[in-house]
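1. pasting the structure only:
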Ligand code: AP5
């Protein structure tokens, strides 16, 4: 059973600290509305793995938990958002992460997405997933993911059916290189210093909505769907196949 809708959803931005559940929720939004998840962390990791020039520049920065320079990330996002699959909408997971990236995104959307669509449909829906700071470390150290399909697990809260194996394709689950405790502290520090002001940027524009990310995954998803459907005036229909 695939869930689809045909109307434009526009941009959706997920904010929140490392381990808040952005990737987990982005996948569910993508499935419900048939729009792509654009995760800057995933694209950067893919570049590191492939050994591209961008990957070589990003590798050591990511390994120590710092942010990759704005100009590199913005160029990468521009390239991705120009793909045809983003025309009905997309979910930004991990971007924008600095006020400069947020300003860049506003300008980009203004020039490239407002041409043929009503403006109200293209202003981003900005959702911040709030989680108690003390839970983040356990969530991140317990995270495992499938290197093939990208599904995210947690050894404490969302374990796979068979230990260390993906439920979907049976691949061996992996732990991210930057999910080591000493790096996590630096990632959280980068969030406090550089990314928290992004929420303030959107709050000033009256666009920020917060959801309670301490709740179980399904309940967080329900809150997010309510926000999206409330703001866009759409509901997801279902269809077989
Ligand atoms: P990125 O990959 O974006 O990582 P992050 O922001 O640190 O976020 P995470 O992926 O760690 O967490 P998440 O919120 O997606 O949580 P998840 O759903 O996995 O960035 C990595 C690096 O890339 C950065 O440090 C930086 O160097 C670079 N980078 C990326 N974007 C950049 C940018 N724009 N500018 C500059 N540099 C950039 O969930 C976590 C765990 O919790 C999972 O195990 C999950 O199963 C579990 N979980 C989820 N929800 C719940 C729940 N409700 N209850 C219980 N458990 C839950």
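-> Arrived safely. Since this is a predicted model, take the numbers as computed values, not measurements.
2. which residue does the protein bring closest to the ligand?
-> Among all residues of the chain, residue 41 sits closest to the ligand, at 1.8 Å; criterion: Cβ to the nearest ligand atom. Glycine gets a C-beta too; all of them are placed from N, C-alpha and C.
3. Verify the contact between that residue and residue 77 for me.
-> No: in this structure residue 41 lies outside contact range of residue 77 using Cβ atoms under 8 Å: 12.0 Å.
4. And these two? Which one has more around it.
-> residue 77 (22 against 18; other Cβ atoms under 10 Å).
5. contacting residues for the more buried one?
-> Counting by Cβ atoms under 8 Å, 6 or more residues apart in numbering, residue 77 touches 38, 40, 92, 95, 105, 108.
6. Might you specify the subset of those residues located within helices?
-> 40, 105, 108 (DSSP state H).
7. ok, of those, which one's closest to residue 178?
-> Distance to residue 178, by Cβ to Cβ, is smallest for residue 40 among the ones in helices among the contacts of residue 77, at 13.4 Å.
8. how many neighbours does that closest one have?
-> 22.
9. now do residue 79
-> Residue 79 has 10 nearby residues by other Cβ under 10 Å.
10. re earlier: which residue sits closest to the residue of the chain closest to the ligand, ignoring its sequence neighbours?
-> Nearest-residue entry for residue 41: residue 94, 4.6 Å, with adjacent residues in sequence omitted and distances by Cβ to Cβ, 6 or more residues apart in numbering.
11. Same question for residue 18.
-> Nearest residue to residue 18, sequence neighbours excluded (Cβ to Cβ, 6+ apart): residue 187, at 4.7 Å.
12. so how far is whatever helix or strand the one you found lives in off the chain centroid?
-> Assigned by DSSP states H and E, residue 187 belongs to helix 181-190. Offset of helix 181-190 from its chain centre (Cα atoms, centre = their mean, to the nearest Å): 18 Å.
13. Ok, stretch 209-227 next?
-> Distance, stretch centre to chain centre, for stretch 209-227: 14 Å (Cα atoms, centre = their mean).
14. contacting residues around the residue nearest to the spatial centre of the chain?
-> Nearest to the geometric centre of the chain sits residue 93, at 1.7 Å (Cα atoms, centre = their mean). Taking Cβ under 8 Å, 6+ apart, we find residue 93 in contact with 14, 22, 23, 26, 37, 38, 39, 40, 41, 42.
15. Tell me the one among these nearest to residue 53.
-> Relative to residue 53, the closest of the contacts of residue 93 is residue 40; by Cβ to Cβ it sits at 16.6 Å.
16. just checking, the closest one touches residue 90?
-> No: with contact defined as Cβ under 8 Å, residue 40 does not count as touching residue 90 (12.0 Å).
17. Need the ones in helices among the contacts of residue 77 in a markdown table (columns: distance to residue 144 and pLDDT).
-> Output for those, formatted as a markdown table (distance: Cβ to Cβ, whole Å; pLDDT from 0 to 100):
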| residue | distance to residue 144 | pLDDT |
| --- | --- | --- |
| 40 | 21 | 98 |
| 105 | 31 | 96 |
| 108 | 34 | 93 |
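18. Over to residue 42. Which of the three states is it?
-> Under DSSP: H, G, I helix; E, B strand; the rest coil, residue 42 falls in the helix class.
19. Flag the shaky bits of the protein, pLDDT-wise.
-> For the chain, applying pLDDT under 70 flags the ranges 1-6, 114-121, 235-241.
20. Now do the longest helix seen in it: which elements does it pack against?
-> What stands out as the longest helix in the chain, according to DSSP H, is helix 217-232. Judged by 3 or more Cβ pairs under 8 Å, 6 or more residues apart in numbering; DSSP states H and E, helix 217-232 is in contact with helix 22-33, strand 125-130, strand 208-212.
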